[in-house]
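1. Got a sequence here, can you build the structure:
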Amino acid sequence: MVMSEYTVRLMNTEDLDQVMEVESHSFSIPWSRDAFFNELETNHFATYIVIEDNDQVIGYCGVWIIVDEAHITNIAVLPSYRGRGLGGKLMGSMIEIAKEMGARTMTLEVRVSNDPAQSLYRKFGFHDGGIRKNYYSDNQEDALVMWVKLYE
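-> Numbering: from 1, shown residues only. Presented below is the predicted three-dimensional model:
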């Protein structure tokens, strides 16, 4: 039996084929490869990490850090790997990166119907901050805005 070893590291452009696999299995309107490429190569506010299982990308998380505020852009794990705490591992890693980069608060949007994701974020101290009406273009679902202070 081969034991899985999950590794978190910074995303690079060589990861994009595998990131697109995760993206296409996770979202009804996935980001394009070009969008990720631009995030990695031209957006100086962006930092992206991946989580791997034996050199296969199985999840990722992105953040924009502007002054002292971190904004999670996206987080996803392949469906076959969900329920193993990997989203938590990604989120915990990203919170540490954001703190190291000087962020004092972190925010994100999540579908109001996505209870598993909201539960994960609450474990990291996120609380409800408001609603963005009709935020998601695929079905006009509202987004719950969540916030956490990284330092008290």
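2. Which strands or helices does the longest helix along the chain pack on?
-> Determined from DSSP state H, the single longest helix within the chain is helix 86-100. Contact here means 3 or more Cβ pairs under 8 Å, 6 or more residues apart in numbering; DSSP states H and E; on that basis helix 86-100 packs against strand 6-10, strand 46-53, strand 56-66, strand 69-77, helix 115-123. Just so you know, the C-beta spots here come from the backbone N, C-alpha and C atoms, and that holds for glycine as well.
3. May I see the ones you listed organised as CSV, with mean neighbour count and distance to residue 84 added?
-> Output for those, formatted as CSV (neighbours: other Cβ atoms under 10 Å; distance: least, Cβ to Cβ, whole Å):
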stretch, mean neighbour count, distance to residue 84
strand 6-10, 14, 8
strand 46-53, 20, 10
strand 56-66, 20, 9
strand 69-77, 21, 8
helix 115-123, 15, 12
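4. and the ones you listed as CSV, adding distance to residue 143 and mean pLDDT?
-> Compiled in CSV, the helices and strands packed on helix 86-100 are given as follows (distance: least, Cβ to Cβ, whole Å; pLDDT from 0 to 100):
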stretch, distance to residue 143, mean pLDDT
strand 6-10, 26, 96
strand 46-53, 20, 98
strand 56-66, 16, 98
strand 69-77, 12, 97
helix 115-123, 11, 95
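5. contacting residues for the closest residue to residue 104 other than its chain neighbours?
-> Once flanking residues are discounted, residue 104 sits nearest to residue 68: 4.3 Å by Cβ to Cβ, 6 or more residues apart in numbering. By Cβ atoms under 8 Å, 6 or more residues apart in numbering, the residues touching residue 68 are 102-105.
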